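Enquirer: the following block contains a protein sequence and its predicted model.
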Amino acid sequence: MENEQLLTDQAAYLEAGVHIGTKVTTPGMRRFIYKIREDGLFLLNLSTINERVLQAAKMMAKYEAKDIVVTASRIYAISAAAKFAEITGTKLMSGRVMPGVFTNPRRSDYSEPSMILVSDTRNERQAIREASKTSIPTVALCDTDNLIKYVDLIIPCNNKGRRSLALVYFLLAREFLKEKGLIKTNEEFTYKISDFEAKLEMKAN
């Protein structure tokens, strides 16, 4: 895989651990597996990750930024998604997605997005279910152990790691702005990957 074909250096992908999955894989995610590491962790295909990030940016760019909802439930994902939303003008929905938020107009927090971007299909499955009921296109960051039902475009990646999430959302934000014509080159994107990182480490239980 040549660096010039990538959205960032291959070393940056590897250092962030974007390709490192879990020791579990679901049937829908097996096609994205590159190999199994000696310790049993499944590794995702970097070329596919790169390709899907670009596809997702192109897909999102078809909609008005204000009509896109980004969901995030874990602390690392919330930080990365929040920065993404701030930069792109999309709407962040952090924490638990409440039942009826996309389907019940009587709710005070009711929303009618044109599409949603999900950080974790396990924790944010309520958003995916409701989007499917109202035919809202769904893009989702999916690790090897994620279910993919009702997801229209999968971005296979490590969606649990702080640095991985920061890199994925950094690239999505930059490519989204490029697809929208708001910037023309990578150099015009003045943010750093570290801007998307959570500022605190999660403590083990």
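Expert: Cool, the structure landed. Numbering: from 1, shown residues only.
Enquirer: right, and residue 23 touches residue 38 too?
Expert: No. Using Cβ atoms under 8 Å, residue 23 is not in contact with residue 38, being 11.8 Å away. Using the backbone N, CA and C atoms, a C-beta is placed for each residue, glycine as well.
Enquirer: which one's more surrounded, those two?
Expert: More neighbours surround residue 23 than the other of residue 23 and residue 38, with 12 against 5 (other Cβ atoms under 10 Å).
Enquirer: mind listing what the more buried one touches?
Expert: Listed by Cβ atoms under 8 Å, 6 or more residues apart in numbering, the contact set of residue 23 reads 40, 41, 42.
Enquirer: and for residue 33?
Expert: Contact analysis of residue 33 by Cβ under 8 Å, 6+ apart lists 21, 25, 42, 43, 44, 45, 144.
Enquirer: 10 Å instead, please
Expert: Residue 33 makes contact with 21, 25, 42, 43, 44, 45, 48, 144, 156, according to Cβ atoms under 10 Å, 6 or more residues apart in numbering.
Enquirer: what's the separation between the fifth one and residue 145?
Expert: Spelled out, it's residue 44. Counting by Cβ to Cβ, to the nearest Å, the separation of residue 44 from residue 145 is 12 Å.
Enquirer: then the second one?
Expert: Here the criterion is Cβ to Cβ. By it, residue 25 lies 7 Å from residue 145.
Enquirer: now the third one
Expert: Taking Cβ to Cβ as the measure, residue 42 and residue 145 are separated by 9 Å.
Enquirer: for the most far-flung residue of the chain relative to its centre, give me its contacts.
Expert: Seen from the C-alpha centroid of the chain, the residue lying at the greatest distance (Cα atoms, centre = their mean) is residue 106, 29.2 Å away. Contacts for residue 106 (Cβ under 10 Å, 6+ apart) come out as residue 100.
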